[in-house]
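>>> When you get a sec, could you give me coordinates for this:
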Amino acid sequence: MRREDGTLTTDSDTRRFADDPAGFFGHSYEAMHSVSRRDLTELQTAALRMRFTQLRDRIVVLKTMADEQGVTAIERIDDAAPLLFQHTVYKSYPVSLVTDGRFDRLTRWLDRLTVRDLSAVDVAGYEGVDGWLRALQSQTDLRPVHSSGTTGTMSFLPRTVGEADRMFVTARLGLVPGLDPFAVGEDRYRHTVWPAFRHGGSAIMQFADHLVRHVAGGEERFHALHPGRMSSDVLFLAGRLRAAQARGDVDALDPGPALRARKAEFDRAQQEMAASRSAFLGDR
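Numbers count the residues shown, from 1 in each chain. Sure thing, here's the model as predicted:
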C-alpha cells in the first residue's frame, strides 16, 4: 500500500479510510486483514486525528471531556484513550425523564452527544420511548439505538443512517466473507435465519434491519422467529422491574396499567418464542 516515496496517507486517503473503511480496502476481507500493523496504525491515527479536529468543538460531551483531560490534539492512538466515553455517559439522563414522559428534555440531553441539531424536533403527540424514537427517525436522519436496560436504565446511542450502514457494510466482510460484494442479483445475498423479534429499537433488534438490507437483500430471504416488534417501552419496564426485584422494592414500582398490560403481552410473546424456537430452527 505504500508509495515509492515511502508515504502511506494523504488527506484524501485519510478521508476515504475514515468515511468508508470497506470501500478503502476494495470490499475485500483479505485486503483488510493483509495490511501491516505499521500501515494500519498510520491510517487509524490519521483518521482519528482528523475526526477529533472535526468534532472536538461540535459535540458538547466530547468538548467537555477534552477540556477536562487537557487533550488538544491527537498525535498517537493512545492520546484518545482519555476521551473514550464510559458506558454511563449514554445513560446519564435522569430516569424520571422517561418515567414522567419528558421526552422534550430527553431530546435536549441527546443533543449533547451528536453533531445533529435536534432543537427543532417536536415530540408532542408521541408517547413513550417507542414514540420518541419514531419522532427522531421521522424528523432527522438519526436512528438511535438503545441497550436492553437490564440495569434499570437504558443507554441511548445517536447513530445516523449513514453511520449505521457504513459500520455494517464493514462488519459484513467478516460476517459473510465468502460473499462477492460486486455480485449482482441472487448471488449477492443469502437466506438469513433470525431467531428473535423482527423489529425493535434496541441495538440487537436494529441489527436485523441491516441483515435484511445487506445480507438477505430483502424480507423474502429473511426468516424471523417472531414477525412483530420488541417494544422499547416494555424493555424499559422489564429492566426497571428486574432492578427493583434485585433491590427488594418491586412493590414501590408503579408503571401504571398501560405498561403492565404491555408487559404481560411481552411475556406471552417471549414464552411463545421459547416454545416454538426448536421447531422454527428445525424447519430451517
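
>>> quick one, strands of the stretch 151-284 of the chain?
156-157, 192-200, 222-230 (DSSP state E, counting those that start in this stretch).

>>> For the ones you listed, give me TSV that also has distance to residue 241 and mean pLDDT.
Quick note: C-beta positions are derived from backbone N, CA and C, even for glycine. Converted to TSV, the strands of the stretch 151-284 of the chain look like this (distance: least, C-beta to C-beta, whole Å; pLDDT from 0 to 100):
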stretch	distance to residue 241	mean pLDDT
strand 156-157	20	96
strand 192-200	18	92
strand 222-230	16	91
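
>>> Packed most tightly, which of these would that be?
Mean neighbour counts were compared across the strands of the stretch 151-284 of the chain using mean count of other C-beta atoms under 10 Å; the top stretch is strand 156-157, at a mean of 21.

>>> other SSEs contacting it?
strand 145-146 (3 or more C-beta pairs under 8 Å, 6 or more residues apart in numbering; DSSP states H and E).

>>> Repeat the analysis, applying 10 Å as the threshold.
helix 103-111, helix 128-139, strand 145-146 (3 or more C-beta pairs under 10 Å, 6 or more residues apart in numbering; DSSP states H and E).

>>> now the first one, how far from the chain's geometric center?
Same thing as helix 103-111. How far helix 103-111 lies from its chain's middle: 18 Å, per C-alpha atoms, centre = their mean, to the nearest Å.

>>> Same check on the last one?
The chain centre lies 6 Å from the centre of strand 145-146; the measure is C-alpha atoms, centre = their mean.

>>> quick one: low-confidence ranges for the stretch 101-250 of the chain?
177-185, 249-250 (pLDDT under 70).

>>> how far away is the closest residue to residue 97 other than its chain neighbours from residue 175?
Leaving aside its chain neighbours, residue 97 sits nearest to residue 106 (4.5 Å; criterion: C-beta to C-beta, 6 or more residues apart in numbering). For residue 106, the distance to residue 175 (C-beta to C-beta, to the nearest Å) stands at 33 Å.

>>> residues contacting residue 142?
By C-beta atoms under 10 Å, 6 or more residues apart in numbering, residue 142 lies in contact with 110, 114, 116, 118, 121, 133, 136, 157-161, 163-164.

>>> And it, how far from residue 160?
Residue 142 is 6 Å from residue 160, by C-beta to C-beta.

>>> just to revisit the earlier point, mean neighbour count added to the helices and strands packed on strand 156-157, as JSON lines?
Formatted as JSON lines, the helices and strands packed on strand 156-157 follow (neighbours: other C-beta atoms under 10 Å):
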{"stretch": "helix 103-111", "mean neighbour count": "18"}
{"stretch": "helix 128-139", "mean neighbour count": "19"}
{"stretch": "strand 145-146", "mean neighbour count": "22"}
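
>>> And the contacts of residue 142, which is closest to residue 64?
residue 114 (14.3 Å; C-beta to C-beta).

>>> Tally up the residues packed near the closest residue to the closest one other than its chain neighbours, please.
Residue nearest to residue 114 in three dimensions, not counting chain neighbours: residue 158, with 4.1 Å by C-beta to C-beta, 6+ apart. Look at residue 158: counted by other C-beta atoms under 10 Å, it has 21 neighbours.
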